[in-house]
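Chemist: With the sequence up front, the predicted model follows.
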Amino acid sequence: MDESLRRRVEFPGTSSGLSGYTGRERSAEAAAAQQPLVRDLRRPRSAALLDAVHRLDVEINQAARADLARWIREAYEHELGDIPLGFVAQCHLGPPYVDHILDLFQNIVEHYAPADRMPDPHAQARMLVRTGAYAYVEIWGSGAIHPVLPDGTVVI
C-alpha cells in the first residue's frame, strides 16, 4: 500500500505521536465531544419524554411545571447529551390560540394566536407545527429545528 494513502491515528497520552500534537487538536476534540452527534439527535424520543413535553403545556401548577421542565432537561441530557432551547407545539387551549413555545430554562409557556408574531428561531418551526403532523418541534441552540413525530421519530 502506498504510504501517502495511509491515515495515521494518534491518541493523546500515548508515547507515540505526541510530538506533533498541539492544543488546537485537543480543544477541537473537546468541543466535538461536547456536541451531540447527528446520529444521537436522530434517536427516537421515548414515550415518557413525549408525554412530559405534552404535560408541560397543560400543567397549571408552576412548581409542578418547574419539576417537569427539570425532568425533561435531565432526560434530554441523559439520552442525547444536549438540551434543546425549547419546543414549539400545537396549542390545545382552543381559540384564539393555535400554537405555543415551551421553554425548559425559564419554564415559560407562551401561547400564540394565528396573527401573533412568534420570535425567531421559534417562528421557523411554526408552519411545521401547524401541519398537525408533529407532536412538537425541537429548537436547538445551533439553530437546528427537529420535528418529532407522535411516535417519537425525529425528522432531520
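Modeler: Yes, it's here.
Chemist: quick one, what contacts the nearest residue to Y136 once chain neighbours are set aside?
Modeler: In this structure, Y136 finds its nearest non-sequential neighbour in A89, 3.9 Å apart by Cβ to Cβ, 6 or more residues apart in numbering. Every C-beta, even on glycine, is put in place using the N, C-alpha and C of the backbone. Going by Cβ atoms under 8 Å, 6 or more residues apart in numbering, A89 touches V53, H54, D57, D99, H100, L102, V129, Y134, A135, Y136, V137.
Chemist: Cross these against strands and list the overlap.
Modeler: Per DSSP state E, strands hold the following members of the contacts of A89: D99, H100, L102, Y136, V137.
Chemist: Please identify which two of these are farthest apart in space.
Modeler: H100 and V137 (11.4 Å; Cβ to Cβ).
Chemist: what sits in contact with each of these two?
Modeler: Listed contacts common to H100 and V137 are V88, A89; contacts here mean Cβ under 8 Å, 6+ apart.
Chemist: still on that earlier bit, top of the contacts of A89 by neighbour count?
Modeler: Y136 (28 neighbours; other Cβ atoms under 10 Å).
Chemist: List the residues that contact it.
Modeler: V53, H54, F87, V88, A89, L102, V129, P147, V148.
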